[in-house]
Structure formats: C-alpha cells, structure tokens
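> Predicted structure and sequence below. I'll ask about it afterward.
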Amino acid sequence: MSARLIKGGDAVASQPFAPFSIPTDDQPRPAGLSFVTTPATPATTPEDPESTAARIIAEARAKAADIEREARENGRALIQAETAAEVARIVDPWQEQLANTLEELAVLRATITAQAERDLVRLALEIARKVVHREVTIDSEIVMTLARIGLTRGHSRSPATIHLHPDDFAYVNINRERLISGQSLELVEDRSIMRGGCLVRTEMGDVDARIDQQFIEIERAFLEV
C-alpha cells in the first residue's frame, strides 16, 4: 500500500505506509517505542435492594443486641451495687451491736467467773465451818490447843485472861495445869465465844483464837486475792 501527497497541484510521492503490530512480550520492541499496559478495572455490580435492606436490618439487630447486652450488664452492676449498699445499711449496725454485745459478754463472763469463785470459796468455808463446829463438840482437845497457841502469842510473863464458851470452860479449868505455867491465868465463861475457840486477853494485847474469827480471816484472804 502506498500513499501519495498532493501539494500545490503537484503530486509528491511519499513513502509507502506499512501497518505495524504491537509486539508481544517475547518479541523485540523497536527502539524509542514503549507500551504501558493498564490492568482493566473490574466492573462493580450494583447491590440488590433486597440485599441492602437485609444487610441494614442485620447490622441494626447486631447493634440492638450490643445495646441490650450493655444495658443488661449495666443494670446487673447497678442492682448489685444497690443490693450491697442496702445490705451494708442493714448489717453494719447489727455488726456494731454484735461487737458491743460480745464485749459485754466478755465482761459479764469475767464477772460471773469471779462471782462463782467467790461463791465457791464461801461454800467451801461454810462446809468447813460446819465440820469444825461438829468436831469441837466431840473433841475438847481443840480448845486446849487453841488456848495454848493464844498464850504463846501473848507475853508469857504478863497475866492473862482466857474467855471460853461455858461448855469448854469446865474442861479447860480441869486441865489448866497443861497450859503454860509461870504466869497468872484466869478463865472466864463467855457465851459470846463459840465452842472450840477462845479469846486471850493480856496487858500487851489480845489474841483472838475464836474459830468463827479464823474463818472470817480465811474468807477475807481468799476473796481479796
């Protein structure tokens, strides 16, 4: 195929026109000529209205479920907080009262224990007193022993007077030589003295050997500990 160019009424011969083809990747390309291949953009398919509506509904339901779950969790936390506050409001005063009651019980227990100990001491002494009183009515030697003790505690050379129960007076008077000698000794019947005991009076002072007084001293010593 050839082309002819007409200029100014004259025909000018031109070079023949040869068609060309795009070389492939494995064919050499002419110098100074390059080709850029642009990848084709896939055509987007428009979304179906029904699919769009279904997607929107699904997203709305998921969002509603999230909101419901969050509200449920917040409501549960709020209920727990309110319940804890209400329990604390009711229980705290009882806990304080319980602590006070336990302290009072501890004090009361100590008081009861001390009182019980005192009662036991008094009971034991009362039993011992009854036993001793029974024994002194049987054994007259008890009053002799207490009279000798009373005289030894007093001044041995000063005159002494021994007050005795009338029932003990006769026995001691008969056996007065068995008492300490070397001092003036007077025996006196005294119904204020219980059997088995005596009261020794001297110029240097008195020696109380009465049995009931001995029990009083013993009880005082136990209860003051």
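That came through fine.
> centroid residue for the protein?
Ala99 (9.2 Å; C-alpha atoms, centre = their mean).
> I'd like the distance between Ile138 and Pro166.
Separation of Ile138 from Pro166 (C-beta to C-beta, to the nearest Å): 17 Å. (Each C-beta comes from the backbone N, C-alpha and C, glycine too.)
> Between those two, which is the more surrounded one?
Neighbours per residue (other C-beta atoms under 10 Å) separate Ile138 from Pro166, with Pro166 holding more: 11 against 8.
> list the contacts for the more buried one?
Pro166 sits next to Glu189, Arg191 when contact means C-beta atoms under 8 Å, 6 or more residues apart in numbering.
> what's the spacing between it and Leu187?
11 Å.
> One more: Asp212?
Distance, Asp212 to Leu187, by C-beta to C-beta: 20 Å.
> what's the answer for Gln115, then?
Counting by C-beta to C-beta - Gln115 and Leu187 are separated by 44 Å.
> Those two: which is more packed in?
Per other C-beta under 10 Å, whichever of Gln115 and Leu187 has more neighbours is Leu187, with 19 against 10.
> for the helix or strand hosting that one, packing partners?
Using DSSP states H and E, the element containing Leu187 is strand 185-189. Strand 185-189 is packed against strand 160-164, helix 166-174, with contacts defined by 3 or more C-beta pairs under 8 Å, 6 or more residues apart in numbering; DSSP states H and E.
> Appreciated, that's everything.
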